[in-house]
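Asks: predicted structure and sequence below. I'll ask about it afterward.
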Amino acid sequence: MTTPAHPHGPEELCGPGLELYARALREGHVSDADAGPAPCLVDLGLLHPVVDDLARLEPVPPALALHRLLRASGTRIAEERRREEQLASLFEPLMRVTGSRTLPPDPASLRVLSGTERINAAITEAMAEATSEVLCIQPNVHYNGPRGETAQGVAMARDQALLDRGCRIRTLYQHTQRHQPLVLARYEQLRGDAEARTLDEVTDRLIAIDGTVAFIPAGEDGRLALEVRHPALLAYFTTTFDRLWRLATPMYPQAVRRPSLDGVTPRQQAIAALLVEGHTDAVIADRLGMNVRTARVHIAKLAATLGSESRAQLGYLIGRSGILDREQGRGREPER
């Protein structure tokens, strides 16, 4: 007997099959031709051919058929349970294994870039796709030698291309960069919506583009960078930048001069804050982006202004003067 195509699996009983099986039980048999539209009856063993007449099909008693089908089903269930136990036994010791590589980060969200050329290429590619805003934190600016001049030219070209598309650039520098020739030349040449502000201290270098990708250092020598595309980290970078931006002093397009307080310059105020925290001259210089000699000159001038004769007395006089308690932004005036 040829089994025609049927709309359900071999272990299911359809409506026509159920009706035909009931008819076979009532009449004692059906013909092979009658069973053609319901091959599930033969597949399930509910009908079987008569030995001396293969064209005649007789029904198997329902109780016997049910017992046989339930036994087969129980065998399959037992087999699945054995398989589950084997899998649980296999993975149970593995689930106790922990380590730094157990749950690696999404490779698409963090990527280490090695080498200055590769880093610059990735930044250039990301900026070429920017449609809104680029946020930058630049602790210092150094372009020394022919290669440095080339790098400066590449950076200027990609920044201007971004501004030409109507995007915005906001950059935070340290105060020590306000009068650097390279920084001033940059803003003399750029055309478009570019702004710059300064702080006594800034974080390490950051470039965040459209809130979709950011680049931060991954080493001290500048040859490794981390490309970040993780939404939580990008939101953190953007929020941190915005808060620093509100605290910063405008530098471009309109510069603002920070006021002196009782003869103490803004630079000396920043140094005073670090002095009372107990930092050495070297640490102060590093934090404020200046060399140690310059830091010591400012410390000497601060001591002279406050009338201090020793380092210990200087800390006391700074605290008594109240210069650290006053609002830094009060009374700022545009620079002339």
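Replies: Arrived safely, thanks for sending.

Asks: the helices in the stretch 51-200 of the chain, which residues?
Replies: 62-91, 116-128, 145-164, 181-189 (DSSP state H, counting those that start in this stretch).

Asks: deepest of those helices, which one?
Replies: helix 116-128 (a mean of 16; mean count of other Cβ atoms under 10 Å). To be clear about C-beta, it is placed using only N, CA and C from the backbone, and glycine gets the same treatment.

Asks: and the contacts of that one?
Replies: For helix 116-128, contacts defined as Cβ atoms under 8 Å, 6 or more residues apart in numbering pick out 113, 134, 151, 154, 158-159, 161-162, 207, 209, 213, 215, 222-223, 225, 227.

Asks: ok, 6 Å please
Replies: For helix 116-128, contacts defined as Cβ atoms under 6 Å, 6 or more residues apart in numbering pick out L113, R158, L162, I209, V213, F215, A225, E227.

Asks: sort out which one of the residues you listed lies nearest M95 for me.
Replies: E227 (32.7 Å; Cβ to Cβ).

Asks: number of residues surrounding the residue nearest to that closest one when sequence neighbours are not counted?
Replies: Nearest non-adjacent residue to E227, counting by Cβ to Cβ, 6 or more residues apart in numbering: R111, 4.3 Å away. Residues lying near R111 (other Cβ atoms under 10 Å) number 14.

Asks: same question, L206
Replies: Using other Cβ under 10 Å, L206 has 22 neighbouring residues.

Asks: show the contacting residues for T176.
Replies: Contacts for T176 were tallied using Cβ under 6 Å, 6+ apart; they are G289, M290.

Asks: give me the pLDDT for it.
Replies: pLDDT recorded at T176 is 83.

Asks: repeat for the one 3 residues further on
Replies: H179 is assigned a predicted lDDT (pLDDT) of 79.

Asks: which of the helices of the stretch 51-200 of the chain has the lowest mean pLDDT?
Replies: Among the helices of the stretch 51-200 of the chain, helix 145-164 carries the lowest mean pLDDT (a mean of 75).

Asks: what separates the helix or strand hosting L226 from the chain centre, distance-wise?
Replies: In the assignment (DSSP states H and E), L226 maps to strand 224-228. In terms of Cα atoms, centre = their mean, to the nearest Å, the centre of strand 224-228 is found 11 Å from the chain centre.

Asks: who does that strand pair up with?
Replies: Strand 224-228 sits in its sheet next to strand 110-114 (antiparallel), strand 213-217 (antiparallel), going by DSSP bridges.

Asks: just those: most buried one?
Replies: Using mean count of other Cβ under 10 Å, strand 213-217 ranks as the most buried of the strands paired with strand 224-228, with a mean of 19.

Asks: that older thread, out of the helices of the stretch 51-200 of the chain, nearest to L172?
Replies: Nearest to L172, of all the helices of the stretch 51-200 of the chain, is helix 181-189, at 11.8 Å by Cβ to Cβ.
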